[in-house]
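S.K.: What follows is a predicted structure for the sequence shown.
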Amino acid sequence: MSDNTATGITDTYRALLASLDEWFAAAQADHPGVIPCAGGCSSCCHGPFDISTADALMVREAVRRQPAERRAELEARALLALETQRAAAPGWAAPYDVADLGEEGFDELGDALADEPCPMLDADGRCGIYDDRPLVCRLIGLPLRTSEGGLIDNACPIIDEHPAYAALAPRLFDLVGFEEREAPIRVAAAKELGMAPEYETTIAAAVVL
């Protein structure tokens, strides 16, 4: 892998993700004190979930940039998490493509390990690579409405504890435009990773491989 190329891809991807962060921040500003997402809340950071090639490359590079001791800690937790995932899904092997399990198989893996913390979480429930967290981590926490009328529900696991939060209407986001800009980034990241553009894996596998 070319460090310069990988950095260029992840920089481009982070710039795209910034538009999603701005969308979320605008909602927080419009509804002060309503959206409970804040540093130290890790309710949605449990169980394995699938990430794209762009996310996998960004996560891997984020871990590699850490100071040696911190990097070793994150890599050790990722290896332990991957071993747990393999134990729950016998036969799942490198490159740990989610497609190899199938949708039902990956759902079963998620259900079996729903209480397992993300390996990037520290003891205080804070993300060790927060600025480089995957797309799915940024989508959880608000209901989203696309210009075409599509809806993505708020997947926050503690939403029922906050009635005003649960009552928020879906917020408009140009998801189609986002995905159009994301597509070539996924292709470039896949090339760097030596995978197909449609490859998806877990955070643990992205760090370990």
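M.R.: Good, I have the coordinates.

S.K.: What pLDDT is listed against the residue nearest the centre of the chain?
M.R.: Of all residues in the chain, the one closest to the mean position by CA atoms, centre = their mean is Pro134, 3.0 Å from it. The predicted local confidence for Pro134 comes out at a pLDDT of 97.

S.K.: where does it fall, phi/psi-wise?
M.R.: Summarising the backbone geometry of Pro134 under the convention degrees, to the nearest 10, its torsions are phi -70, psi 170.

S.K.: what helix or strand is the closest residue in space to it that isn't next to it in sequence on?
M.R.: Residue nearest to Pro134 in three dimensions, not counting chain neighbours: Asp55, with 3.8 Å by CB to CB, 6 or more residues apart in numbering. (Glycine included, C-beta is placed from N, CA and C.) Under the criterion of DSSP states H and E, Asp55 resides in helix 53-64.

S.K.: in the helix or strand just after that helix, what's buried?
M.R.: Later in the chain than helix 53-64, the nearest helix or strand by DSSP H and E is helix 68-88. For helix 68-88, the neighbour count (16 or more other CB atoms under 10 Å) marks 71, 73-75, 77-78, 81-82, 84-86, 88 as buried.

S.K.: Correct me if wrong: Arg64 contacts Arg70.
M.R.: No: counting by CB atoms under 8 Å, Arg64 sits too far from Arg70 to count as a contact (11.0 Å).

S.K.: How about the contacts made by Arg77?
M.R.: The neighbourhood of Arg77, defined by CB atoms under 8 Å, 6 or more residues apart in numbering, consists of 119-120.

S.K.: Just the pLDDT at it, thanks.
M.R.: Arg77 carries a pLDDT value of 97.

S.K.: and the gap between it and Leu121?
M.R.: Summarising the geometry, the distance separating Arg77 from Leu121, computed by CB to CB, to the nearest Å, is 8 Å.

S.K.: Would you agree Cys41 is in contact with Gly125?
M.R.: Yes: shown here, Cys41 and Gly125 form a contact pair, counting by CB under 8 Å, at 7.0 Å.

S.K.: Walk me through the regions of the chain where pLDDT falls short of the threshold, as ranges.
M.R.: Low-confidence segments of the chain, defined by pLDDT under 70, are located at 1-2.

S.K.: need the helices for this structure, in chain order.
M.R.: Taking DSSP state H as the test, the helices found in the chain are 3-30, 53-64, 68-88, 98-112, 135-139, 163-166, 175-193, 203-208.
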